[in-house]
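Student: Here is my input; please provide its structure:
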Amino acid sequence: MAVKLGFLSTKKSPEDLFLIKFIINHFGYRPSTLTHFKLAVSHRSGDIKEDIESNERLEFLGDAILDAVVAEYLFKKFPGNDEGYLTKLKSKVVNRKTLAYIGEKMQIRAVLNYNQSRNLNISSLEGNAFEAIIGAIYLDGGFEAAKKSLQNHVLRKFVDLNKLLEEEIDFKSRLIIWCQKKRMKIDFIVIDEQHIHGAWEYEVSIQINKRDFGRGKASSKKQAEQVAAKQTLELIGEI
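Tutor: Numbering: from 1, shown residues only. You can find the predicted model right below:
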(Lines give C-alpha, C1' and ligand atoms only; values in the text may rest on other atoms or scores of the structure.)
Protein backbone atom coordinates (compact mmCIF):
# COMPACT_ATOMS: atom_id res chain seq x y z
CA MET A 1 0.00 0.00 0.00
CA ALA A 2 1.35 3.41 -0.95
CA VAL A 3 2.17 5.75 1.91
CA LYS A 4 1.70 9.49 1.56
CA LEU A 5 4.82 11.19 2.84
CA GLY A 6 3.20 14.63 2.90
CA PHE A 7 4.16 18.16 2.00
CA LEU A 8 7.90 18.02 2.66
CA SER A 9 8.34 14.90 0.49
CA THR A 10 6.93 16.50 -2.67
CA LYS A 11 9.41 17.96 -5.08
CA LYS A 12 10.09 21.64 -4.51
CA SER A 13 11.70 24.29 -6.65
CA PRO A 14 14.90 25.95 -5.38
CA GLU A 15 12.83 29.07 -4.63
CA ASP A 16 10.34 27.05 -2.58
CA LEU A 17 13.12 25.38 -0.58
CA PHE A 18 14.76 28.75 0.05
CA LEU A 19 11.45 30.18 1.32
CA ILE A 20 10.88 27.17 3.62
CA LYS A 21 14.39 27.52 5.05
CA PHE A 22 13.87 31.27 5.53
CA ILE A 23 10.64 30.78 7.50
CA ILE A 24 12.20 28.06 9.69
CA ASN A 25 15.37 30.07 10.41
CA HIS A 26 13.73 33.43 11.13
CA PHE A 27 10.32 32.48 12.52
CA GLY A 28 11.02 29.06 14.03
CA TYR A 29 8.06 27.64 12.13
CA ARG A 30 7.93 24.80 9.59
CA PRO A 31 5.20 25.43 6.98
CA SER A 32 2.64 22.71 6.31
CA THR A 33 1.90 24.16 2.87
CA LEU A 34 3.49 27.04 0.98
CA THR A 35 0.35 28.65 -0.44
CA HIS A 36 -0.05 31.31 2.24
CA PHE A 37 3.67 31.98 2.50
CA LYS A 38 4.09 32.56 -1.24
CA LEU A 39 1.26 35.06 -0.99
CA ALA A 40 2.84 36.70 2.09
CA VAL A 41 6.00 37.58 0.15
CA SER A 42 4.18 38.78 -2.98
CA HIS A 43 4.02 42.57 -3.25
CA ARG A 44 1.54 44.00 -5.76
CA SER A 45 4.41 45.61 -7.71
CA GLY A 46 6.04 42.27 -8.39
CA ASP A 47 5.71 39.65 -11.10
CA ILE A 48 2.67 37.97 -9.56
CA LYS A 49 1.02 35.01 -11.28
CA GLU A 50 -2.68 35.16 -12.08
CA ASP A 51 -3.59 32.67 -9.33
CA ILE A 52 -1.68 34.62 -6.64
CA GLU A 53 -2.88 37.89 -5.12
CA SER A 54 -0.72 40.44 -3.33
CA ASN A 55 0.07 40.18 0.39
CA GLU A 56 -2.12 43.09 1.53
CA ARG A 57 -4.97 40.99 3.01
CA LEU A 58 -2.47 38.79 4.86
CA GLU A 59 -0.75 41.94 6.13
CA PHE A 60 -4.08 43.07 7.61
CA LEU A 61 -4.52 39.71 9.34
CA GLY A 62 -0.94 39.58 10.60
CA ASP A 63 -1.28 43.08 12.04
CA ALA A 64 -4.23 41.94 14.20
CA ILE A 65 -2.39 38.79 15.37
CA LEU A 66 0.75 40.79 16.20
CA ASP A 67 -1.28 43.33 18.15
CA ALA A 68 -2.95 40.64 20.26
CA VAL A 69 0.26 38.71 20.98
CA VAL A 70 2.27 41.80 21.91
CA ALA A 71 -0.56 43.06 24.15
CA GLU A 72 -0.61 39.76 26.09
CA TYR A 73 3.20 39.64 26.22
CA LEU A 74 3.44 43.13 27.74
CA PHE A 75 0.46 42.54 30.06
CA LYS A 76 2.28 39.59 31.64
CA LYS A 77 5.76 41.13 31.58
CA PHE A 78 4.75 44.41 33.28
CA PRO A 79 2.07 43.49 35.87
CA GLY A 80 2.52 46.72 37.84
CA ASN A 81 1.98 49.18 34.97
CA ASP A 82 -1.31 50.78 33.99
CA GLU A 83 -3.20 50.67 30.70
CA GLY A 84 -1.76 53.95 29.43
CA TYR A 85 1.83 52.80 29.92
CA LEU A 86 1.17 49.43 28.25
CA THR A 87 -0.57 51.13 25.32
CA LYS A 88 2.38 53.47 24.71
CA LEU A 89 4.89 50.62 24.90
CA LYS A 90 2.81 48.40 22.59
CA SER A 91 2.61 51.18 20.04
CA LYS A 92 6.41 51.35 20.00
CA VAL A 93 6.70 47.59 19.40
CA VAL A 94 4.13 47.37 16.58
CA ASN A 95 4.63 50.73 14.83
CA ARG A 96 5.80 50.95 11.20
CA LYS A 97 9.34 51.97 12.17
CA THR A 98 9.88 48.92 14.39
CA LEU A 99 8.31 46.52 11.89
CA ALA A 100 10.44 47.92 9.07
CA TYR A 101 13.51 47.47 11.30
CA ILE A 102 12.58 43.83 12.00
CA GLY A 103 11.95 43.13 8.31
CA GLU A 104 15.25 44.73 7.36
CA LYS A 105 17.18 42.77 10.00
CA MET A 106 15.60 39.55 8.78
CA GLN A 107 16.49 40.51 5.19
CA ILE A 108 12.98 39.66 4.00
CA ARG A 109 13.89 41.24 0.67
CA ALA A 110 15.74 37.98 -0.10
CA VAL A 111 12.39 36.19 -0.50
CA LEU A 112 10.21 39.17 -1.46
CA ASN A 113 8.61 39.29 -4.89
CA TYR A 114 8.55 42.98 -5.84
CA ASN A 115 9.44 45.23 -8.76
CA GLN A 116 13.08 46.13 -8.17
CA SER A 117 13.11 48.62 -11.03
CA ARG A 118 10.65 50.90 -9.23
CA ASN A 119 11.64 53.45 -6.61
CA LEU A 120 10.05 51.71 -3.62
CA ASN A 121 10.79 51.99 0.11
CA ILE A 122 12.15 48.48 0.53
CA SER A 123 12.32 48.57 4.34
CA SER A 124 8.62 49.48 4.42
CA LEU A 125 7.85 46.59 2.06
CA GLU A 126 9.81 44.26 4.35
CA GLY A 127 7.84 45.44 7.38
CA ASN A 128 4.56 44.81 5.57
CA ALA A 129 5.73 41.38 4.41
CA PHE A 130 6.74 40.55 7.99
CA GLU A 131 3.14 41.12 9.12
CA ALA A 132 1.87 39.10 6.15
CA ILE A 133 4.11 36.16 7.13
CA ILE A 134 2.65 36.26 10.65
CA GLY A 135 -0.78 36.08 9.02
CA ALA A 136 0.40 33.12 6.94
CA ILE A 137 1.65 31.28 10.04
CA TYR A 138 -1.74 31.86 11.67
CA LEU A 139 -3.65 30.43 8.69
CA ASP A 140 -1.21 27.53 8.30
CA GLY A 141 -0.78 26.53 11.94
CA GLY A 142 -3.23 28.47 14.10
CA PHE A 143 -2.99 31.23 16.70
CA GLU A 144 -0.75 29.32 19.12
CA ALA A 145 1.81 28.69 16.37
CA ALA A 146 1.88 32.39 15.48
CA LYS A 147 2.12 33.34 19.16
CA LYS A 148 4.98 30.90 19.76
CA SER A 149 6.87 32.21 16.73
CA LEU A 150 6.50 35.83 17.83
CA GLN A 151 7.36 35.28 21.49
CA ASN A 152 10.17 32.73 21.13
CA HIS A 153 11.84 34.04 17.99
CA VAL A 154 10.81 37.50 16.81
CA LEU A 155 10.42 39.44 20.08
CA ARG A 156 13.41 37.75 21.68
CA LYS A 157 15.78 38.32 18.75
CA PHE A 158 14.66 41.56 17.17
CA VAL A 159 12.90 43.71 19.80
CA ASP A 160 15.04 45.42 22.46
CA LEU A 161 12.49 46.27 25.13
CA ASN A 162 15.11 47.97 27.30
CA LYS A 163 15.91 50.36 24.46
CA LEU A 164 12.21 51.04 23.85
CA LEU A 165 11.68 51.69 27.55
CA GLU A 166 14.61 54.08 27.55
CA GLU A 167 13.10 55.96 24.62
CA GLU A 168 9.84 56.21 26.56
CA ILE A 169 11.58 58.29 29.24
CA ASP A 170 11.35 62.01 28.49
CA PHE A 171 14.85 63.14 29.50
CA LYS A 172 14.18 66.74 28.45
CA SER A 173 11.20 67.07 30.79
CA ARG A 174 13.12 65.50 33.66
CA LEU A 175 16.00 67.93 33.17
CA ILE A 176 13.71 70.97 32.96
CA ILE A 177 11.95 69.93 36.18
CA TRP A 178 15.34 69.46 37.90
CA CYS A 179 16.44 72.95 36.82
CA GLN A 180 13.18 74.48 37.99
CA LYS A 181 13.59 72.92 41.42
CA LYS A 182 17.16 74.25 41.61
CA ARG A 183 16.04 77.61 40.20
CA MET A 184 18.57 77.35 37.39
CA LYS A 185 18.18 78.71 33.86
CA ILE A 186 18.37 76.11 31.09
CA ASP A 187 18.82 76.70 27.35
CA PHE A 188 18.64 74.24 24.45
CA ILE A 189 20.84 75.62 21.65
CA VAL A 190 21.00 74.28 18.08
CA ILE A 191 24.71 74.57 17.33
CA ASP A 192 24.72 72.74 14.00
CA GLU A 193 22.19 71.88 11.31
CA GLN A 194 23.22 70.00 8.16
CA HIS A 195 21.60 68.25 5.23
CA ILE A 196 23.82 65.26 4.44
CA HIS A 197 23.08 62.67 1.73
CA GLY A 198 19.39 63.55 1.68
CA ALA A 199 18.93 63.51 5.47
CA TRP A 200 18.99 66.21 8.12
CA GLU A 201 21.33 66.07 11.12
CA TYR A 202 20.98 68.37 14.11
CA GLU A 203 23.36 68.99 16.99
CA VAL A 204 22.01 70.49 20.20
CA SER A 205 23.94 71.81 23.18
CA ILE A 206 22.54 72.41 26.67
CA GLN A 207 23.56 75.29 28.88
CA ILE A 208 22.59 75.53 32.55
CA ASN A 209 23.25 78.94 34.08
CA LYS A 210 25.38 79.73 31.00
CA ARG A 211 27.60 76.67 31.57
CA ASP A 212 27.93 74.01 28.86
CA PHE A 213 26.73 70.51 29.65
CA GLY A 214 25.48 67.73 27.35
CA ARG A 215 25.40 67.59 23.56
CA GLY A 216 23.35 65.45 21.25
CA LYS A 217 23.12 64.63 17.54
CA ALA A 218 20.07 63.17 15.79
CA SER A 219 17.92 63.37 12.66
CA SER A 220 15.48 65.76 14.36
CA LYS A 221 15.81 68.63 16.85
CA LYS A 222 13.52 66.85 19.29
CA GLN A 223 15.63 63.69 19.29
CA ALA A 224 18.87 65.68 19.55
CA GLU A 225 17.45 67.50 22.59
CA GLN A 226 16.61 64.17 24.21
CA VAL A 227 20.15 62.86 23.63
CA ALA A 228 21.68 66.05 25.03
CA ALA A 229 19.32 66.01 28.03
CA LYS A 230 20.19 62.40 28.83
CA GLN A 231 23.91 63.18 28.69
CA THR A 232 23.36 66.19 30.95
CA LEU A 233 21.41 64.13 33.49
CA GLU A 234 24.29 61.65 33.52
CA LEU A 235 26.82 64.48 34.04
CA ILE A 236 24.92 65.89 37.01
CA GLY A 237 24.41 62.45 38.53
CA GLU A 238 20.64 62.23 38.10
CA ILE A 239 20.73 58.95 36.14
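
Student: which stretches of the chain form helices?
Tutor: Ranges of helices in the chain, per DSSP state H, are 14-27, 35-40, 56-77, 83-94, 96-106, 122-141, 143-149, 155-158, 161-168, 171-182, 221-235.

Student: Point out where the chain drops to low pLDDT.
Tutor: Counting by pLDDT under 70, the chain has low-confidence residues at 1-10, 46-52, 117-119, 165-169.

Student: Domain ranges for it, per the record?
Tutor: 13-166, 171-235 (automatic domain parsing).

Student: if you compare those domains, which one is most tucked away?
Tutor: domain 13-166 (a mean of 17; mean count of other C-beta atoms under 10 Å). In this view, the C-beta of every residue, glycine as well, is placed from N, C-alpha and C.

Student: what's the nearest residue to the residue most central in space within the chain if we skip its chain neighbours?
Tutor: For the chain, Thr98 is the residue whose C-alpha lies nearest the centre (C-alpha atoms, centre = their mean; 1.9 Å). Excluding its sequence neighbours, the residue lying closest to Thr98 (C-beta to C-beta, 6 or more residues apart in numbering) is Lys92, at 6.6 Å.

Student: Now tell me what touches stretch 71-82 from outside.
Tutor: Stretch 71-82 is contacted by residues Tyr85, Leu86, Leu89, Lys90, Val93, Lys147, Leu150, Gln151, Leu155, Leu161 when judged by C-beta atoms under 8 Å, 6 or more residues apart in numbering.

Student: And for stretch 27-45?
Tutor: With C-beta under 8 Å, 6+ apart, stretch 27-45 has contacts from 7, 12, 16, 19-20, 23-24, 48, 52-56, 58, 62, 108, 111-115, 118, 120, 125, 128-129, 132-133, 135-137, 139-141, 145, 148-149, 152-154.
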